[in-house]
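*Asks:* Here is my input, please return the structure:
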Amino acid sequence: MADVDVVSDILSAAVKAFPESGFIQSLAHQYLVRGWLTKKQLEGLLNKAQRLHDMAPGKLATLQAQIKKMPNRYKSSLPQPAALYVKDSRIEKLLAGILGKYPQHKRVLYLQTKFHNNEPLTAVEIAEIEKFYKLLL
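*Replies:* Below is the predicted model of the structure:
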């Protein structure tokens with residue numbers, strides 16, 4: 001016994017009933033080329049086929065069952081953008097401690113400006129801040 005292709009039967013009936021419909025022509029072409037239609041395309045075909053008066057209700061029910069069997073595809077929302085630079089509170093405390101005692105220290109003022117402008121501090125600069133903190137305080 002040969003398999004019954006309900007989608008092909010409904011498509012051929014819809015092409016006969018709506019010969020000028022670009023949507024039905026497109027679905028028929030895609031079904032011939034690919035051999036399958038997406039869930040949204042099948043839903044559109046079902047809506048068109050329900051307008052046909054001579055369509056067998058069993059074929060419509062079979063198409064509805066095929067549509068229900070197909071998985072729903074949901075697009076996930078975009079992830080929240082991550083912060084480019086996260087300030088290190090320990091470095092901020094070290095800078096504040098040094099400048100509290102020596103407010104005119106030019107190198108530490110430069111590093112603090114760089115820190116407040118969200119420019120990343122290099123490992124050498126962080127080591128320099130820690131060294132200043134140990135020496136001056």
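*Asks:* residues making contact with the strand or helix carrying residue 13?
*Replies:* In this structure, residue 13 sits in helix 6-17 according to DSSP states H and E. The contact list for helix 6-17, computed with C-beta atoms under 8 Å, 6 or more residues apart in numbering, reads 21, 24-25, 27-28, 31, 37, 42, 45, 48-49, 51-52, 54-55, 59-60, 62-63, 66. Quick note: C-beta positions are derived from backbone N, CA and C, even for glycine.
*Asks:* among the residues you listed, which are in helices?
*Replies:* Using DSSP state H, the subset of these located in helices is 24-25, 27-28, 31, 42, 45, 48-49, 59-60, 62-63, 66.
*Asks:* Would you point out the most distant pair within those?
*Replies:* 25 and 62 (22.7 Å; C-beta to C-beta).
*Asks:* before we move on, back to that, write the ChimeraX selection for whichever of the contacts of helix 6-17 are buried.
*Replies:* To isolate the buried members of these in ChimeraX, using 16 or more other C-beta atoms under 10 Å:
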select :24,27,28,31,37,42,45,48,49,52,55,59,60,62,63
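*Asks:* Which parts of this protein belong to which domain?
*Replies:* 6-69, 89-136 (automatic domain parsing).
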